[in-house]
Every structure is written in structure tokens, then in C-alpha cells.
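Asker: the sequence and its predicted three-dimensional model are supplied below.
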Amino acid sequence: MQFTASFILAAAFAFSSINAKCYSGLGWGAEKGLAEQAVDALCDPTKLNSFIHDGFQQGQTKADCVQLSGNKKADFQVNWGGQGYLNLAQEDCVLRFKNEVNGCGSGGSTTTADWTFTADPNDGTCVPVEKRSVKFMA
């Protein structure tokens, strides 16, 4: 069943319209590799607090802040804007977030197949309440 759901999700990504935007401002710089490593961890289904450990309910957004260096952080967010309940495949999670890290020098956001992935580098430190926040959109 997981294979079928992942296959269907991959097919939906392939045939859907894409809405993408790059941000301006602070870039990834020397921390780009650290951001890629953070994506691997955030999309790891074996980690209890990963983005894909539990599925997504309609309108659900999961977000996390990852400290990249002393005064540089990365804010990651994924939203399922489609209908019903759906699991996000690890391969899709990694691919879509790394597209934001590697495709946009200052981060960006892309919506495809009712999923929106955002990766945004910023100055500052992660606030503990930003960690693993889960929101439901009205």
C-alpha cells in the first residue's frame, strides 16, 4: 500500500501545475550543505519528530527551525492543501525541500500537487516553540 500511495503521489507531482517563487535577502552561503543535511533529517521517517513520521490531515502545516550556525537558522515548512488525509513519501519530501535549498539562493517556496514546501534562511536563533510546531489552517 505504501508503494502505491508513493507512486500515485509521484504521478500527481509529475502532472500537476507548479507555482514557485524565490526569496530575496539572506542567502544560504556556507551553510547550504548544513541545510541539505537538515532536510535529510526532517524527512527521515525513523525520527519521531520528522515531517513524515505521521501523515497530513487536510490543511495541515508542519514547520521546524534548524540552527545552521551561530547566528543563522533555516525555517522549513510543508503544507498539505489537498483533500483528506495523505502520507508524504520520504523521496518527495527530500526532493522538494532540496529543490528550495538548491534552486533559490535565498530560499523559496513551491506549491505542486496541493503540497507547499518552503525553505528560508534567516539571521537569528531558533526559538524552542518554533520547533516542530504543527498548525491546522482553517
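Answerer: That came in fine, so what should we check first?

Asker: can you show me the helices along the chain?
Answerer: 2-15, 32-42, 90-103 (DSSP state H).

Asker: mean pLDDT for those helices: which is lowest?
Answerer: Mean pLDDT is lowest for helix 2-15 among those, at a mean of 42.

Asker: centre of the chain versus stretch 105-121, how much separation?
Answerer: 7 Å (C-alpha atoms, centre = their mean, to the nearest Å).

Asker: with just CA atoms, put stretch 105-125 into CSV.
Answerer: Listed next in CSV are the C-alpha coordinates belonging to stretch 105-125 (Å, rounded to 0.1, in the frame of the first residue of the first chain):
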residue,chain,number,x,y,z
GLY,A,105,20.0,31.2,-3.4
SER,A,106,18.0,32.9,-0.6
GLY,A,107,15.4,30.1,-0.1
GLY,A,108,11.9,29.9,-1.6
SER,A,109,8.5,28.3,-1.7
THR,A,110,6.9,26.0,-4.3
THR,A,111,3.4,24.6,-4.5
THR,A,112,2.8,21.4,-6.5
ALA,A,113,0.1,18.8,-6.3
ASP,A,114,-1.5,20.6,-3.3
TRP,A,115,1.8,20.5,-1.4
THR,A,116,3.7,23.6,-0.5
PHE,A,117,7.3,23.4,0.5
THR,A,118,9.2,26.4,2.0
ALA,A,119,12.9,26.7,3.0
ASP,A,120,14.0,30.1,4.2
PRO,A,121,17.5,31.0,5.7
ASN,A,122,17.4,33.8,8.3
ASP,A,123,19.6,35.5,10.8
GLY,A,124,19.0,34.6,14.4
THR,A,125,18.5,31.6,16.6
